[in-house]
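> pasting the sequence and the predicted coordinates here, then a few questions.
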Amino acid sequence: MFYRRSTLVLLLALIFLSFFGTLSLSAWMFPDNYDWRYRVISSLLSPRDNPRHYWLAASGLALTAVLMLPFAEHLRRHLQSIAPRMAKMSAAAFTVGIVALISACFVVPQHVHETFEIRRLHELLGRTAAGCFAVAMLCGCWCAWNGRAQNSSAATVFWIWLLVTLLPLIGLFGSEALLLLTRLEPSWAGPIRNALRHSVFWHLGFWEWTGAVAIFAFLCAAVFLMPSQANVKS
């Protein structure tokens, strides 16, 4: 099915409302003064941390994931004329990420009881979704880079996609690498950790929200900067 730009624009508006709207409302009603810079999104979905309104955050996030499904086909159709395999990989990774995100909304964030013999299943699903979205976006960047000679807008799309893809990834991997180094080499990595531990750049929650904004910006560029019609075969 080919989705017209007007339909995708409507979906973008609904995604913005369902994600940022419901999560902001849930954060506003959070019992412990939720601060997005320091707390992960999963706190809003946790019956333990957000006992009265966790269902609102979970419903909004699940609806967001469902609304994102048409964009996988949109990416495939517009990128397959440049690099068919990479376009299919981008769409497939995007779809798997969406499925993992929906699943994470129905698995209670907790560390006490195992789910399907996995103790941190919610965290596993969340990281799977994030990893798949990153792969899909990197594949999209590859296609845009290779298609810059065919279409003048591809270069603009590439630089925007590269920026919104690499910035959260660099920050996330940088913080995780530094955390690992503080455990392996505490003598010299410890002071760096102590200097950054009160900074927002040290906390996973900041990078989760940054990644969410990056994905939304990625989709906006795919809708507004790509040609309205794809000259490709179905």
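Okay, I see it.
> what's the following helix or strand after the helix or strand of the chain with the lowest mean pLDDT?
Scoring the helices and strands of the chain by mean pLDDT, DSSP states H and E places helix 186-196 at the bottom, with a mean of 65. Next along the chain after helix 186-196, taking DSSP states H and E as the criterion, comes helix 204-224.
> other SSEs contacting the longest helix seen in the chain?
Ranked by residue count, the top helix of the chain under DSSP state H comes out as helix 152-184. Applying 3 or more CB pairs under 8 Å, 6 or more residues apart in numbering; DSSP states H and E, one finds that helix 152-184 contacts helix 121-146, helix 186-196, helix 204-224. Backbone N, C-alpha and C define where each C-beta goes, glycine included.
> out of those helices, which comes closest to Tyr38?
Smallest distance to Tyr38 across the helices and strands packed on helix 152-184 (CB to CB): 5.4 Å, for helix 204-224.
> need the contact list for the residue lying closest to Ala217 once chain neighbours are set aside.
Leaving aside its chain neighbours, Ala217 sits nearest to Val164 (4.6 Å; criterion: CB to CB, 6 or more residues apart in numbering). Listed by CB atoms under 8 Å, 6 or more residues apart in numbering, the contact partners of Val164 are Met137, Val213, Ala214, Ile215, Ala217, Phe218, Ala221.
> quick one: the residues you listed as JSON lines, columns for pLDDT too.
Formatted as JSON lines, those follow (pLDDT from 0 to 100):
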{"residue": "Met137", "pLDDT": "96"}
{"residue": "Val213", "pLDDT": "95"}
{"residue": "Ala214", "pLDDT": "95"}
{"residue": "Ile215", "pLDDT": "96"}
{"residue": "Ala217", "pLDDT": "96"}
{"residue": "Phe218", "pLDDT": "96"}
{"residue": "Ala221", "pLDDT": "94"}
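> from those residues, which is closest to Ala65?
Ile215 (10.9 Å).
> give me the nearest residue to the closest one, chain neighbours excluded.
Ile215's closest residue in space is Phe133 (CB to CB, 6+ apart), at 5.8 Å.
> contact partners for that neighbour?
Taking CB under 8 Å, 6+ apart, we find Phe133 in contact with Ala93, Phe94, Gly97, Gly211, Ile215.
> just list the residues touching the residue nearest to Phe19 when sequence neighbours are not counted, thanks.
Leaving aside its chain neighbours, Phe19 sits nearest to Thr64 (4.2 Å; criterion: CB to CB, 6+ apart). Thr64 makes contact with Ile15, Ser18, Phe19, Leu101 under the criterion CB under 8 Å, 6+ apart.
> in TSV, list the helices and strands packed on helix 152-184 along with distance to Phe30.
Below are the helices and strands packed on helix 152-184 laid out as TSV (distance: least, CB to CB, whole Å):
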stretch	distance to Phe30
helix 121-146	18
helix 186-196	25
helix 204-224	12
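> list just the one of those that sits closest to Met86.
Using CB to CB, the nearest of the helices and strands packed on helix 152-184 to Met86 is helix 121-146, at 4.9 Å.
> now that closest one: how far from the chain's centre is it?
8 Å (CA atoms, centre = their mean, to the nearest Å).
> counting neighbours, which bits of it end up buried?
Under the neighbour-count criterion of 16 or more other CB atoms under 10 Å, helix 121-146 has 121-126, 128-130, 132-145 buried.
> poorly predicted segments of this protein, please.
Within the chain, the ranges that satisfy pLDDT under 70 run 1-3, 109-119, 176, 178-179, 181-198, 227-234.
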